[in-house]
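J.: got a predicted structure plus its sequence, pasted below:
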2 protein chains.
Amino acid sequence: MMTIHSVAENALAAFQSYKKTSPVQRAAFLEAIGTELEAQREVLVNIAHQESNLPLARLNGELHRTINQAKLFANLLKEGSWVEATIDTEDLQRVPAKPDTRKMLVPIGPVVVFGASNFPFAFSTAGGDTVSALASGSTVIVKGHSAHAQTSSQVFTAVEKAILSTGMPSHTVQHLLGSGRTVGKELVTHPYVTGVGFTGSFSGGKSLVEYSQQRESPIPVFAEMSSINPVVLFPDTLEKNAAELAKNYAGSITLGAGQFCTNPGILLALQSDALNNFLSLLQGEITKVAPQKMLHTGIYDSYLGSLEKVLSKKGLQVVGKSATAANTGEAAALVASVSGEEFLSNPHFAEEVFGPYSLCVICKDRQQLADILRSLKGQLTTTIMATATDLQAYAELIELQQSLAGRIILNNVPTGVEVNASMVHGGPYPATTDARFTSVGSSAIKRWVRPLCLQNFTDAMLPDALKNGNPLNIWRTVNNGLTKDKIAFG
Amino acid sequence: MMTIHSVAENALAAFQSYKKTSPVQRAAFLEAIGTELEAQREVLVNIAHQESNLPLARLNGELHRTINQAKLFANLLKEGSWVEATIDTEDLQRVPAKPDTRKMLVPIGPVVVFGASNFPFAFSTAGGDTVSALASGSTVIVKGHSAHAQTSSQVFTAVEKAILSTGMPSHTVQHLLGSGRTVGKELVTHPYVTGVGFTGSFSGGKSLVEYSQQRESPIPVFAEMSSINPVVLFPDTLEKNAAELAKNYAGSITLGAGQFCTNPGILLALQSDALNNFLSLLQGEITKVAPQKMLHTGIYDSYLGSLEKVLSKKGLQVVGKSATAANTGEAAALVASVSGEEFLSNPHFAEEVFGPYSLCVICKDRQQLADILRSLKGQLTTTIMATATDLQAYAELIELQQSLAGRIILNNVPTGVEVNASMVHGGPYPATTDARFTSVGSSAIKRWVRPLCLQNFTDAMLPDALKNGNPLNIWRTVNNGLTKDKIAFG
């Protein structure tokens, strides 16, 4: 077994070559990863199914998404403007003379990616963190998640084939298994490591930040940690759309056994007959949901423990749960309710219960609903379920929601995260450690770069993105204007 | 005197209104700050001269720069594209249906700006940190530097006039004095504060990060701390341009009594007769430099202490110093030299000496020069002084320089920082706490924002930057292409 130090040395050595690859070369590499994953689809999906208990259809879909993520970054590289090339040309007549300065984003170096238990493909070995880092020109050390170690190793064979077939430096991606706490700490504190990507628990993410702060030079840690994704159900929509709401939310709460970061963990509403009607409809829907096998024993035990704790709290009432009894390892769906007053007096109710669970908070008036929104910590998402009448009547509450999360959703469920240029899968602490970045979508590449300014360089010394002739034909900001034009000197 | 809590409350209350101002309104506010500063030029420059000992010409220039910084951000707001509006329109035919998602940068909330002792105007009360935060829509609490408290208070009167004349919310900017350590800690740990800007010492910046980490929700701290800005003098240019190099570097080392973050603190070169000749020319130039009064007693004492410490080290030789004796409070210029071997064996030599001092490191060969470049910590700048012959002969050393700093300079001095779109005044730790951002130039606004994604919003609910009609006429990324076009449906 290699030491962490030799892994880090390999990653740094690979970075010295890999950072010099062209965007087109890296795009070909990412596409090859996609091709190799597709070629192994059946094997991969079957291993993942055995390890994670996730249904085959879901895993097929997730693999599809994973391949598309690699393609998204390949397309970003081929288009090329993401480097934010910015040029201010010289002015020798000015006193003092104005030098030529040119800026672009450059990769930071070897980064560590921790596989996530709830996404064996899309947020693990060849997942979003890995491909966004590879797109930037950074090299990657993957710490595979122990709950799907075989899947992770198998995915890595696909990545290795792509490295070979596209002539990338060996060790551009490396793969490790072992205890997250031990290997993780050694990796994050290693001086050659320059960044970290993580999706998991609050305690896990917090530890990684602490390790980084213990370094002589702290590094960025992008940890996506915990979120209860508050949904506000406004009165008029409850009145008019109760049945549809109950059906959609029962689906969203229990999707994938509730094992999504964007699972709607609390539903906020004003007390009313319409709300009572909605809750009884939701009860009916939840009853119909069959228990589902969870990802692994740790998550299952934690779900049971969290439920037991929350159900023992004063003021909590069960709205409905799966009618079918759950076998060991399976999570029964459960929706509960609590008064706004109880919710405000007990911070436990605002803690994430990872699984098919949601808590409806019944607020006595809009002031209490506002107080609750103000009391909530940072979230990945918050959702507004509202008619046009509601939007007008509750504008001040909707404004409060906008400072709460990275993504604000109107009349949709929060589960289902689009992988595109406008997505923000991130949000104020403790949803993530850094609200300024997203871990889903093409902007995720911005986590692995820093701006570099080159002053007074000759054209020959400049990287292609900054050369006068604009050989990459990218959008650049030249003397404060966006253009694809070459820079002409007269 | 107001409590820190009421100051923070005021800043948050102001933010609720200020964040709703239009870009054009904020541009007018920033321009008004510039106008008020200009109107008070004589008073301001005189007070600052008394407090900081900086020459009037320098202070007039610095005030000019400060006004231009405000204008730079006003222009950025008027152009408007900086918000990175990104839109992916819906596709209801897709299975599952693809929702409409739109993203832009939004301000984070009240931020704290610490005045810098070495820039009473440009990095203090109405300096770069303040105007970049105000441009973003964040409100600002300024902690004035005690070394120029009166200047800071006087500048604040100009800001207050601008608040009034442009109808901004009261408390959009607030101004405090008092002990940095005490007031600073209370401010940075206050739950309403969302970000921090600081330029100063390594220990000061490090404390601010520690305060942030003690919060329930840590916040971004942008501290620009310490840098020795290594300059590599390559052999051929030493051979051909020794006299010019000696003159320019004597000027850069002693500019403003060496009290610039970009002061060239070490000069690296290979041993040779050409280097010896350069050093004797540098000696001649340094001898001619008159001692200059430093900013305040603390900095003066620290300069004397640091010099005494470094001069007592084994292997250090004085190359030259100001011929005129220095009075109390004045800094004599001093250049020393040391062998590469001694430099590598004693980390003290790589520490910043804040003042008109530089250390020439005489390397025995290119391997040793490479080792030294690898041994250096993160820097704001590094400079390549080289002819075309040098550039070709020493490519691997120049590559090493590129991972060292935020700005790489060819054949210029590092002092003199352009305030423009392509500047990076930042760099790997410990030059700054966050190499991903700059504190100088228009990109400095990116420190005070986070991306927000709005999903499925109605056009009426969307902010102007994201509306279908593109009323601000800004560049936006729509379905992966950059355009100023409106979005047409149907």
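T.: That came through, no problem. Residues are numbered from 1 along each chain as shown, chains lettered A, B, ... in the order given.

J.: quick check: phi and psi at A:Lys19.
T.: When read as degrees, to the nearest 10, the backbone of A:Lys19 gives phi -60, psi -20.

J.: pull the number of nearby residues for it.
T.: By the criterion of other CB atoms under 10 Å in any protein chain shown, A:Lys19 has 20 neighbours. All C-beta atoms are positioned from the backbone trio N, CA, C, and that covers glycine.

J.: burial measure for the nearest residue to it once chain neighbours are set aside, as a count.
T.: Leaving aside its sequence neighbours, A:Lys19 sits nearest to A:Gly137 (CB to CB, 6 or more residues apart in numbering or on different chains; 4.6 Å). Counted with other CB under 10 Å, residues neighbouring A:Gly137 total 24.

J.: now swap in the one 4 residues further on and tell me
T.: For A:Ile141, the count of nearby residues is 27 (other CB under 10 Å).

J.: and it, that one's in a strand?
T.: Yes: counting by DSSP: H, G, I helix; E, B strand; the rest coil, A:Ile141 is located in a strand.

J.: bridging across strands, which residues link to it?
T.: On the basis of DSSP bridges, A:Ile141 is bridged to A:Val112, A:Gln174.

J.: so how far is A:Tyr211 from it?
T.: According to CB to CB, to the nearest Å, A:Ile141 stands 14 Å off from A:Tyr211.

J.: got the contact list for the helix or strand containing A:Gln50?
T.: Element membership of A:Gln50 [criterion: DSSP states H and E] is helix A:41-52. Residues outside helix A:41-52 that contact it (CB atoms under 8 Å, 6 or more residues apart in numbering or on different chains): A:37, A:54-56, A:59-60, A:63, A:117, A:120-121, A:147-151, A:154-155, A:158, A:295-296.

J.: which bits of the stretch 251-400 of chain A sit near chain B?
T.: A:377-378, A:391 (CB under 8 Å from any CB of the partner chain).

J.: among the residues you listed, which ones are buried?
T.: Buried subset of those (neighbour count, 16 or more other CB atoms under 10 Å in any protein chain shown): A:377-378, A:391.

J.: name the element the closest residue in space to A:Ser165 that isn't next to it in sequence belongs to?
T.: Excluding the flanking residues, the one nearest A:Ser165 by CB to CB, 6+ apart is A:Ala32, at 5.4 Å. In the assignment (DSSP H and E), A:Ala32 maps to helix A:23-39.

J.: and that helix with helix A:41-52, angle?
T.: Interaxial angle, helix A:23-39 versus helix A:41-52 (axes from the mean of the first three to the mean of the last three CA atoms, to 10 degrees): 70 degrees.

J.: quickly list the domain ranges of chain A.
T.: A:4-225+A:435-449, A:231-410 (automatic domain parsing).

J.: just to revisit the earlier point, which residues are in contact with the helix holding A:Ala32?
T.: A:21, A:44, A:63, A:66-68, A:70-71, A:73-75, A:77-78, A:80, A:121, A:126, A:131, A:134-135, A:137, A:155, A:158-159, A:161-163, A:165-168, A:172, A:472.

J.: over to stretch A:56-72?
T.: Stretch A:56-72 is contacted by residues A:30-31, A:33-34, A:37-38, A:41, A:44-46, A:48-49, A:52, A:54, A:119-122, A:126-128, A:131, A:256, A:419-420, A:441-442 when judged by CB under 8 Å, 6+ apart.

J.: wait, A:Leu176 sits on A:Val7?
T.: Yes: using CB atoms under 8 Å, A:Leu176 is in contact with A:Val7, at 6.6 Å.

J.: show me which of those two is the more surrounded one.
T.: In terms of neighbours (other CB under 10 Å), A:Val7 is the more surrounded of A:Leu176 and A:Val7; the figures are 24 against 19.

J.: hmm, back to that, out of the contacts of stretch A:56-72, which end up buried?
T.: By neighbour count, with 16+ other CB under 10 Å, the contacts of stretch A:56-72 hold A:30-31, A:33-34, A:37, A:44-45, A:48-49, A:52, A:54, A:119-122, A:126-128, A:131, A:256, A:419-420, A:441-442 as buried.

J.: okay, the angle between whatever helix or strand A:His64 lives in and helix A:23-39?
T.: Here A:His64, judged by DSSP H and E, is contained in helix A:56-79. Angle of helix A:56-79 versus helix A:23-39, following the same axes, to 10 degrees, is 170 degrees.

J.: can you name the residue of the stretch 151-300 of chain A nearest to chain B?
T.: A:Ser217 (4.1 Å; CB to the nearest CB).

J.: checking my notes, that residue in a helix, right?
T.: No: when classified by three-state DSSP, A:Ser217 is found to be coil rather than part of a helix.

J.: what about it, how many residues nearby?
T.: A:Ser217 has 13 neighbouring residues, counting by other CB under 10 Å.

J.: thinking it is in contact with B:Gly378, fair?
T.: Yes: at 6.7 Å, A:Ser217 counts as touching B:Gly378 under the criterion of CB under 8 Å.

J.: please consider this matter closed, and thank you.
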